[in-house]
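Asker: What would the 3D arrangement of this be:
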Amino acid sequence: MKKIIVTGGLGFIGSNLIDLLISKNYYVINVDKITYSSNFYNVKEFKNNKSFNFIKTNISNKEKLSQIIKRFKPKCIFNLAAETHVDRSIDQSDDFIQANIKGVHTLLEILIKNRHIKLIHISTDEVFGSVKKNFRTDENSPYKPLNPYAATKAASDHLINSYVNTYNVKAIITNCCNNYGPKQNPEKFIPKIISCILNKKKIPVYGKGNNSREWIYVEDHCKALHKVYLKGKIGETYNIGSNLNLRNIDLVKKIILISKQKNIFDKKSKVQFVKDRPGHDLRYALNSKKIRSKLKWSNSINIKEGLLKTLNWYENNKDFYKMIKNKKFKNRLGLRK
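Answerer: Residues are numbered from 1 along each chain as shown. As a prediction, this is how the structure comes out:
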(Lines give C-alpha, C1' and ligand atoms only; values in the text may rest on other atoms or scores of the structure.)
Protein backbone atom coordinates (compact mmCIF):
# COMPACT_ATOMS: atom_id res chain seq x y z
CA MET A 1 0.00 0.00 0.00
CA LYS A 2 1.51 3.32 -1.09
CA LYS A 3 1.89 5.91 1.65
CA ILE A 4 1.10 9.57 1.09
CA ILE A 5 1.41 12.58 3.39
CA VAL A 6 -1.27 15.26 3.19
CA THR A 7 -0.30 18.43 5.05
CA GLY A 8 -3.19 20.58 6.18
CA GLY A 9 -5.45 17.54 6.06
CA LEU A 10 -7.93 18.84 8.64
CA GLY A 11 -8.85 21.69 6.30
CA PHE A 12 -11.29 21.89 3.43
CA ILE A 13 -9.41 20.67 0.35
CA GLY A 14 -7.03 18.50 2.35
CA SER A 15 -9.79 16.48 4.02
CA ASN A 16 -11.61 16.01 0.71
CA LEU A 17 -8.35 14.84 -0.86
CA ILE A 18 -7.94 12.32 1.96
CA ASP A 19 -11.44 11.00 1.18
CA LEU A 20 -10.36 10.36 -2.40
CA LEU A 21 -6.96 8.86 -1.60
CA ILE A 22 -8.31 6.39 0.97
CA SER A 23 -11.02 5.34 -1.49
CA LYS A 24 -8.18 4.49 -3.88
CA ASN A 25 -6.40 2.35 -1.26
CA TYR A 26 -3.59 4.69 -0.26
CA TYR A 27 -2.31 4.89 3.31
CA VAL A 28 -2.64 8.55 4.30
CA ILE A 29 -0.66 10.39 6.97
CA ASN A 30 -2.54 13.57 7.82
CA VAL A 31 -0.13 16.23 9.13
CA ASP A 32 -1.82 19.34 10.56
CA LYS A 33 -0.74 21.84 13.20
CA ILE A 34 -4.43 22.52 14.09
CA THR A 35 -5.36 26.14 13.43
CA TYR A 36 -8.67 27.99 13.58
CA SER A 37 -9.64 26.45 10.20
CA SER A 38 -8.74 22.86 11.15
CA ASN A 39 -11.69 20.65 12.00
CA PHE A 40 -11.61 17.03 13.17
CA TYR A 41 -15.20 16.78 11.97
CA ASN A 42 -13.75 16.68 8.46
CA VAL A 43 -12.04 13.33 9.05
CA LYS A 44 -14.34 11.79 11.65
CA GLU A 45 -15.18 8.86 9.35
CA PHE A 46 -11.51 7.79 9.37
CA LYS A 47 -11.09 7.72 13.15
CA ASN A 48 -10.75 3.93 13.23
CA ASN A 49 -9.56 3.44 9.66
CA LYS A 50 -6.30 1.47 9.48
CA SER A 51 -5.33 3.41 6.33
CA PHE A 52 -5.34 6.75 8.15
CA ASN A 53 -2.94 8.28 10.64
CA PHE A 54 -3.14 11.78 12.12
CA ILE A 55 -0.05 13.54 13.45
CA LYS A 56 -0.14 17.01 14.94
CA THR A 57 2.80 19.13 13.86
CA ASN A 58 3.72 22.30 12.01
CA ILE A 59 5.48 21.90 8.66
CA SER A 60 7.93 24.51 9.93
CA ASN A 61 9.05 21.95 12.53
CA LYS A 62 11.95 20.46 10.58
CA GLU A 63 12.90 17.84 13.18
CA LYS A 64 9.39 16.47 13.65
CA LEU A 65 8.58 16.46 9.94
CA SER A 66 11.87 14.71 9.16
CA GLN A 67 11.00 12.03 11.71
CA ILE A 68 7.58 11.50 10.12
CA ILE A 69 9.11 11.11 6.67
CA LYS A 70 11.76 8.70 7.98
CA ARG A 71 9.12 6.61 9.77
CA PHE A 72 6.54 6.34 6.99
CA LYS A 73 8.68 6.65 3.86
CA PRO A 74 5.92 8.26 1.75
CA LYS A 75 5.91 8.25 -2.04
CA CYS A 76 4.39 11.71 -2.20
CA ILE A 77 3.54 14.79 -0.14
CA PHE A 78 0.52 16.88 -1.05
CA ASN A 79 1.14 20.27 0.54
CA LEU A 80 -2.11 21.95 1.57
CA ALA A 81 -0.77 23.42 4.81
CA ALA A 82 -1.42 27.10 4.28
CA GLU A 83 -3.18 30.19 5.50
CA THR A 84 -5.71 30.96 2.77
CA HIS A 85 -8.24 33.61 3.76
CA VAL A 86 -7.51 36.90 1.97
CA ASP A 87 -9.37 39.03 4.53
CA ARG A 88 -7.25 37.58 7.34
CA SER A 89 -4.07 38.29 5.39
CA ILE A 90 -5.10 41.95 5.11
CA ASP A 91 -5.68 42.21 8.86
CA GLN A 92 -2.56 40.28 9.90
CA SER A 93 -0.08 38.75 7.48
CA ASP A 94 2.44 37.24 9.94
CA ASP A 95 0.79 33.80 9.99
CA PHE A 96 0.75 33.80 6.19
CA ILE A 97 4.50 34.46 6.03
CA GLN A 98 5.16 31.67 8.51
CA ALA A 99 2.94 29.00 6.93
CA ASN A 100 3.03 29.84 3.24
CA ILE A 101 6.69 30.78 2.88
CA LYS A 102 8.74 29.59 5.85
CA GLY A 103 6.79 26.34 6.12
CA VAL A 104 7.36 25.57 2.44
CA HIS A 105 11.05 26.42 2.81
CA THR A 106 11.38 23.92 5.67
CA LEU A 107 9.64 21.25 3.60
CA LEU A 108 11.95 21.87 0.65
CA GLU A 109 15.05 21.67 2.83
CA ILE A 110 13.92 18.25 4.03
CA LEU A 111 13.26 17.09 0.48
CA ILE A 112 16.85 17.87 -0.56
CA LYS A 113 17.76 14.79 1.49
CA ASN A 114 14.68 12.87 0.29
CA ARG A 115 14.73 13.44 -3.46
CA HIS A 116 12.79 10.22 -4.11
CA ILE A 117 9.66 11.84 -2.63
CA LYS A 118 7.37 13.73 -5.00
CA LEU A 119 5.94 17.05 -3.78
CA ILE A 120 2.61 18.28 -5.14
CA HIS A 121 2.24 21.88 -4.03
CA ILE A 122 -1.27 23.34 -4.16
CA SER A 123 -1.26 27.03 -5.06
CA THR A 124 -3.89 29.47 -6.28
CA ASP A 125 -5.12 31.50 -9.23
CA GLU A 126 -4.68 34.64 -7.12
CA VAL A 127 -0.93 34.68 -7.82
CA PHE A 128 -1.75 36.00 -11.32
CA GLY A 129 -3.71 38.97 -10.01
CA SER A 130 -6.84 40.43 -11.53
CA VAL A 131 -7.39 39.72 -15.24
CA LYS A 132 -9.48 41.41 -17.91
CA LYS A 133 -12.77 40.09 -19.20
CA ASN A 134 -12.47 37.32 -21.83
CA PHE A 135 -8.84 36.63 -20.83
CA ARG A 136 -7.60 33.58 -18.93
CA THR A 137 -4.14 33.19 -17.41
CA ASP A 138 -2.14 30.15 -18.44
CA GLU A 139 0.92 28.59 -16.83
CA ASN A 140 3.24 31.04 -18.59
CA SER A 141 1.41 34.18 -17.49
CA PRO A 142 3.41 36.51 -15.25
CA TYR A 143 2.69 36.57 -11.53
CA LYS A 144 1.11 39.75 -10.19
CA PRO A 145 -0.16 39.08 -6.64
CA LEU A 146 -2.18 41.99 -5.30
CA ASN A 147 -2.91 41.00 -1.69
CA PRO A 148 -0.74 39.59 1.13
CA TYR A 149 -2.17 36.06 0.79
CA ALA A 150 -1.50 35.93 -2.95
CA ALA A 151 1.99 37.36 -2.43
CA THR A 152 2.93 34.61 0.04
CA LYS A 153 1.64 31.90 -2.29
CA ALA A 154 3.54 33.43 -5.21
CA ALA A 155 6.70 33.47 -3.09
CA SER A 156 6.30 29.78 -2.23
CA ASP A 157 5.78 28.90 -5.91
CA HIS A 158 8.99 30.70 -6.89
CA LEU A 159 10.86 29.06 -4.03
CA ILE A 160 9.73 25.60 -5.15
CA ASN A 161 10.76 26.22 -8.75
CA SER A 162 14.17 27.36 -7.55
CA TYR A 163 14.66 24.15 -5.54
CA VAL A 164 13.64 22.03 -8.53
CA ASN A 165 16.20 23.82 -10.67
CA THR A 166 19.00 24.08 -8.08
CA TYR A 167 18.65 20.90 -6.02
CA ASN A 168 16.65 18.57 -8.29
CA VAL A 169 13.80 18.34 -5.81
CA LYS A 170 10.88 16.42 -7.36
CA ALA A 171 8.10 18.99 -7.21
CA ILE A 172 5.04 19.99 -9.21
CA ILE A 173 2.91 23.10 -8.66
CA THR A 174 -0.82 23.34 -9.26
CA ASN A 175 -2.73 26.62 -9.42
CA CYS A 176 -6.43 26.18 -8.83
CA CYS A 177 -9.46 28.44 -9.04
CA ASN A 178 -11.98 28.90 -6.20
CA ASN A 179 -13.14 25.62 -4.66
CA TYR A 180 -16.51 24.92 -3.10
CA GLY A 181 -18.16 21.88 -1.58
CA PRO A 182 -18.48 20.01 1.74
CA LYS A 183 -16.28 20.77 4.75
CA GLN A 184 -15.30 24.33 3.82
CA ASN A 185 -14.63 26.83 6.60
CA PRO A 186 -17.74 28.93 7.34
CA GLU A 187 -15.92 32.23 6.87
CA LYS A 188 -15.53 31.51 3.14
CA PHE A 189 -18.04 32.89 0.64
CA ILE A 190 -20.29 29.95 -0.29
CA PRO A 191 -20.60 28.34 3.17
CA LYS A 192 -21.24 31.80 4.60
CA ILE A 193 -24.12 32.27 2.15
CA ILE A 194 -25.50 28.85 3.06
CA SER A 195 -25.12 29.54 6.77
CA CYS A 196 -27.07 32.79 6.40
CA ILE A 197 -29.85 30.96 4.57
CA LEU A 198 -30.02 28.11 7.10
CA ASN A 199 -30.05 30.61 9.98
CA LYS A 200 -32.43 33.09 8.30
CA LYS A 201 -29.89 35.93 8.30
CA LYS A 202 -28.98 38.62 5.77
CA ILE A 203 -26.41 37.61 3.15
CA PRO A 204 -23.41 40.03 3.07
CA VAL A 205 -21.96 40.74 -0.37
CA TYR A 206 -18.89 42.94 -0.82
CA GLY A 207 -19.32 46.10 -2.88
CA LYS A 208 -21.96 45.57 -5.56
CA GLY A 209 -21.17 41.89 -6.05
CA ASN A 210 -19.48 42.42 -9.42
CA ASN A 211 -16.25 40.60 -8.55
CA SER A 212 -15.95 37.51 -10.73
CA ARG A 213 -14.47 34.17 -9.70
CA GLU A 214 -14.01 30.81 -11.40
CA TRP A 215 -15.58 27.98 -9.37
CA ILE A 216 -14.75 24.28 -9.22
CA TYR A 217 -16.33 21.58 -7.08
CA VAL A 218 -13.72 20.31 -4.62
CA GLU A 219 -14.07 16.66 -5.68
CA ASP A 220 -13.10 17.60 -9.24
CA HIS A 221 -10.07 19.47 -7.91
CA CYS A 222 -8.97 16.48 -5.83
CA LYS A 223 -9.26 14.17 -8.84
CA ALA A 224 -7.05 16.58 -10.76
CA LEU A 225 -4.46 16.51 -7.97
CA HIS A 226 -4.42 12.71 -8.06
CA LYS A 227 -3.98 12.85 -11.84
CA VAL A 228 -1.03 15.23 -11.40
CA TYR A 229 0.54 12.81 -8.92
CA LEU A 230 0.19 9.90 -11.34
CA LYS A 231 1.05 11.61 -14.63
CA GLY A 232 2.36 15.11 -13.96
CA LYS A 233 5.85 16.07 -15.07
CA ILE A 234 8.41 17.16 -12.46
CA GLY A 235 9.12 20.89 -12.57
CA GLU A 236 5.88 21.68 -14.39
CA THR A 237 2.93 23.79 -13.30
CA TYR A 238 -0.69 22.86 -14.02
CA ASN A 239 -3.68 25.19 -13.84
CA ILE A 240 -6.84 23.53 -12.54
CA GLY A 241 -10.08 25.26 -13.44
CA SER A 242 -13.67 24.75 -14.55
CA ASN A 243 -13.85 27.50 -17.21
CA LEU A 244 -16.93 28.82 -15.43
CA ASN A 245 -16.84 32.35 -14.06
CA LEU A 246 -19.62 33.94 -12.05
CA ARG A 247 -20.03 37.35 -10.49
CA ASN A 248 -20.49 37.07 -6.74
CA ILE A 249 -24.01 38.44 -6.91
CA ASP A 250 -24.96 35.89 -9.59
CA LEU A 251 -23.58 33.06 -7.47
CA VAL A 252 -25.66 34.26 -4.51
CA LYS A 253 -28.76 34.28 -6.71
CA LYS A 254 -28.08 30.69 -7.80
CA ILE A 255 -27.80 29.50 -4.20
CA ILE A 256 -30.95 31.39 -3.22
CA LEU A 257 -32.83 29.79 -6.13
CA ILE A 258 -31.73 26.29 -5.09
CA SER A 259 -32.72 26.98 -1.48
CA LYS A 260 -36.14 28.14 -2.65
CA GLN A 261 -36.55 24.94 -4.66
CA LYS A 262 -35.74 23.03 -1.47
CA ASN A 263 -38.26 25.15 0.45
CA ILE A 264 -35.67 26.28 3.01
CA PHE A 265 -35.37 29.94 2.01
CA ASP A 266 -36.73 32.67 4.24
CA LYS A 267 -37.25 36.26 3.10
CA LYS A 268 -35.10 37.39 6.04
CA SER A 269 -32.09 36.13 4.07
CA LYS A 270 -32.00 39.03 1.67
CA VAL A 271 -28.80 40.33 0.10
CA GLN A 272 -27.04 43.08 2.02
CA PHE A 273 -24.30 44.92 0.14
CA VAL A 274 -21.45 45.80 2.52
CA LYS A 275 -18.25 47.82 2.32
CA ASP A 276 -15.74 46.27 -0.09
CA ARG A 277 -12.37 45.09 1.17
CA PRO A 278 -9.19 47.01 0.24
CA GLY A 279 -7.64 46.02 -3.09
CA HIS A 280 -10.38 43.55 -3.98
CA ASP A 281 -9.34 41.96 -7.31
CA LEU A 282 -12.13 42.19 -9.84
CA ARG A 283 -11.67 38.95 -11.77
CA TYR A 284 -9.67 35.70 -11.67
CA ALA A 285 -9.81 33.22 -14.55
CA LEU A 286 -7.57 30.29 -15.48
CA ASN A 287 -6.72 28.64 -18.77
CA SER A 288 -6.64 24.93 -17.89
CA LYS A 289 -6.04 23.52 -21.38
CA LYS A 290 -2.68 22.06 -20.36
CA ILE A 291 -3.95 19.63 -17.74
CA ARG A 292 -6.90 18.73 -19.95
CA SER A 293 -4.76 17.92 -22.98
CA LYS A 294 -1.56 16.60 -21.36
CA LEU A 295 -3.04 14.66 -18.43
CA LYS A 296 -6.50 13.94 -19.84
CA TRP A 297 -8.33 15.44 -16.86
CA SER A 298 -11.69 17.18 -16.98
CA ASN A 299 -14.13 18.41 -14.37
CA SER A 300 -17.44 16.55 -14.29
CA ILE A 301 -19.69 18.31 -11.76
CA ASN A 302 -21.54 21.37 -13.07
CA ILE A 303 -22.36 24.37 -10.91
CA LYS A 304 -26.03 23.51 -10.35
CA GLU A 305 -25.25 19.95 -9.26
CA GLY A 306 -22.29 21.07 -7.16
CA LEU A 307 -24.20 23.79 -5.32
CA LEU A 308 -27.07 21.39 -4.59
CA LYS A 309 -24.64 18.77 -3.22
CA THR A 310 -22.95 21.46 -1.15
CA LEU A 311 -26.18 22.86 0.26
CA ASN A 312 -27.41 19.36 1.10
CA TRP A 313 -24.19 18.56 2.93
CA TYR A 314 -24.31 21.66 5.14
CA GLU A 315 -28.00 21.13 5.81
CA ASN A 316 -27.29 17.56 6.94
CA ASN A 317 -24.12 18.40 8.89
CA LYS A 318 -25.17 21.30 11.08
CA ASP A 319 -22.70 20.26 13.80
CA PHE A 320 -19.99 21.45 11.43
CA TYR A 321 -21.28 24.99 11.90
CA LYS A 322 -20.75 25.00 15.65
CA MET A 323 -17.44 26.73 15.05
CA ILE A 324 -19.21 29.74 13.59
CA LYS A 325 -20.32 30.64 17.10
CA ASN A 326 -16.67 31.33 17.89
CA LYS A 327 -16.07 35.09 18.00
CA LYS A 328 -13.36 34.69 15.34
CA PHE A 329 -16.09 34.28 12.77
CA LYS A 330 -18.43 36.99 14.01
CA ASN A 331 -16.46 40.12 13.29
CA ARG A 332 -15.90 41.47 9.80
CA LEU A 333 -12.35 40.89 8.56
CA GLY A 334 -10.20 42.53 5.90
CA LEU A 335 -10.85 46.21 6.60
CA ARG A 336 -7.39 47.17 7.85
CA LYS A 337 -5.83 50.08 5.95
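Asker: From now on I want contacts and neighbour counts done on CA atoms only, so please keep to that.
Answerer: Will do.
Asker: Please parse this structure into its domains.
Answerer: 3-180+215-240, 189-213+246-280+303-329 (automatic domain parsing).
Asker: wait, what's in contact with residue 174?
Answerer: Counting by Cα atoms under 8 Å, 6 or more residues apart in numbering, residue 174 makes contact with 120, 121, 122, 123, 124, 225, 237, 238, 239, 240.
Asker: Tell me who's in contact with residue 283.
Answerer: Taking Cα under 8 Å, 6+ apart as the test, what residue 283 contacts is 130, 131, 132, 133, 211, 212, 213.
Asker: Restricted to strands, list these.
Answerer: 212, 213 (DSSP state E).
Asker: where along the stretch 201-337 of the chain do the strands fall?
Answerer: Along the stretch 201-337 of the chain, the stretches classed as strands by DSSP state E, counting those that start in this stretch are 203-206, 212-217, 237-240, 245-247, 271-274.
Asker: Out of those strands, which is the most enclosed?
Answerer: Each of the strands of the stretch 201-337 of the chain was scored by mean neighbour count; the highest is strand 237-240, a mean of 26, by mean count of other Cα atoms under 10 Å.
Asker: In this structure residue 284 contacts residue 125, no?
Answerer: Yes. Contact criterion Cα atoms under 8 Å: residue 284 and residue 125 qualify, at 6.7 Å.
Asker: quick one: common contacting residues for those two?
Answerer: Counting by Cα under 8 Å, 6+ apart, the residues touching both residue 284 and residue 125 are residue 177.
Asker: Out of the strands of the stretch 201-337 of the chain, flag the one nearest residue 59.
Answerer: strand 237-240 (22.2 Å; Cα to Cα).
Asker: ok so, going back, flag the least confident of the contacts of residue 283.
Answerer: Model confidence across the contacts of residue 283 bottoms out at residue 133, which has 91.
Asker: where's that residue relative to residue 158, distance?
Answerer: Distance, residue 133 to residue 158, using Cα to Cα, to the nearest Å: 27 Å.
Asker: want to throw the domains of the chain into JSON lines with distance to residue 294?
Answerer: As requested, these are exported to JSON lines (distance: least, Cα to Cα, whole Å):
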{"stretch": "domain 3-180+215-240", "distance to residue 294": "9"}
{"stretch": "domain 189-213+246-280+303-329", "distance to residue 294": "25"}
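Asker: for those, which one ends up most surrounded?
Answerer: With a mean of 19, the top stretch among the domains of the chain by mean neighbour count (mean count of other Cα under 10 Å) is domain 3-180+215-240.
Asker: Now find how far off-centre it is within its chain.
Answerer: Domain 3-180+215-240 sits 8 Å away from the centroid of its parent chain (Cα atoms, centre = their mean, to the nearest Å).
Asker: now swap in stretch 292-305 and tell me
Answerer: With Cα atoms, centre = their mean, you get 17 Å for stretch 292-305.
Asker: measure that stretch end to end?
Answerer: Stretch 292-305 has an end-to-end distance of 21 Å (Cα to Cα).
Asker: just stretch 80-90 next, same as before
Answerer: 21 Å.
Asker: Pull the residues that contact that stretch.
Answerer: Stretch 80-90 is contacted by residues 6-9, 13-14, 32, 59, 95-96, 99-100, 121-122, 147-150, 188, 277, 333-336 when judged by Cα under 8 Å, 6+ apart.
Asker: which ones among those are found in strands?
Answerer: Those of those lying in strands (DSSP E): 6, 7, 32, 121, 122.
Asker: Need these in JSON lines (columns: distance to residue 254).
Answerer: Output for these, formatted as JSON lines (distance: Cα to Cα, whole Å):
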{"residue": "6", "distance to residue 254": "33"}
{"residue": "7", "distance to residue 254": "33"}
{"residue": "32", "distance to residue 254": "34"}
{"residue": "121", "distance to residue 254": "32"}
{"residue": "122", "distance to residue 254": "28"}
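Asker: still on that earlier bit, now render the strands of the stretch 201-337 of the chain as JSON lines, adding distance to residue 50.
Answerer: Listed next are these as JSON lines, based on distance: least, Cα to Cα, whole Å:
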{"stretch": "strand 203-206", "distance to residue 50": "42"}
{"stretch": "strand 212-217", "distance to residue 50": "28"}
{"stretch": "strand 237-240", "distance to residue 50": "31"}
{"stretch": "strand 245-247", "distance to residue 50": "40"}
{"stretch": "strand 271-274", "distance to residue 50": "46"}
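Asker: What are the boundaries of the helices in the stretch 51-200 of the chain?
Answerer: With DSSP state H, counting those that start in this stretch, the ranges of helices along the stretch 51-200 of the chain come out as 62-72, 86-91, 94-96, 103-112, 148-167, 189-198.
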